[in-house]
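Q: I would like to see how this sequence folds:
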Amino acid sequence: MTIDERVARDPFIRQFFERIPAHMRETFTPRQLAALKMVFGESTRAGHLVDIRLEIPLSLRRKKRFYLVAISGQDHRGGKRVGKRGFWRNLRRLTGRLIVALIILLFLLAILFFLT
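A: Numbers count the residues shown, from 1 in each chain. Next up, the predicted model:
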């Protein structure tokens, strides 16, 4: 399969080739393209159990939009980035959970505000 055929079939490779100079496109081997796709291509939407992405217009006067992303699923990293155990790790977990709860509360309050 030529690079042109792979480009026609794969959206990631097509977008990747649009960003690099034309003279470099033919220098990539199929294995290199597969490795690039594995590292960069599917990192944001990799089949999570929960994948919620919302845009919220919070400031109507300045026309600014904010976004909220909630992603949850099984950890496939195999313990590579687990972190240190102990008090500080538990404190970080608790702080993270409190921040998530606060974000959800603010989001629900914003919905109630716009519905009334």
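Q: pLDDT below threshold where in this structure?
A: Scanning the chain for pLDDT under 70 picks out 1-8, 41-48, 57-63, 75-86.
Q: helices of that one, start to end?
A: 3-9, 11-18, 22-25, 30-36, 87-115 (DSSP state H).
Q: okay, those helices in CSV with mean neighbour count and distance to residue 52 next?
A: For the C-beta atoms, the positions are set from N, CA and C on the backbone; glycine is no exception. Formatted as CSV, the helices of the chain follow (neighbours: other C-beta atoms under 10 Å; distance: least, C-beta to C-beta, whole Å):
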stretch, mean neighbour count, distance to residue 52
helix 3-9, 13, 29
helix 11-18, 14, 22
helix 22-25, 10, 36
helix 30-36, 13, 28
helix 87-115, 11, 10
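Q: please name the nearest non-neighbouring residue to residue 51.
A: residue 71 (5.6 Å; C-beta to C-beta, 6 or more residues apart in numbering).
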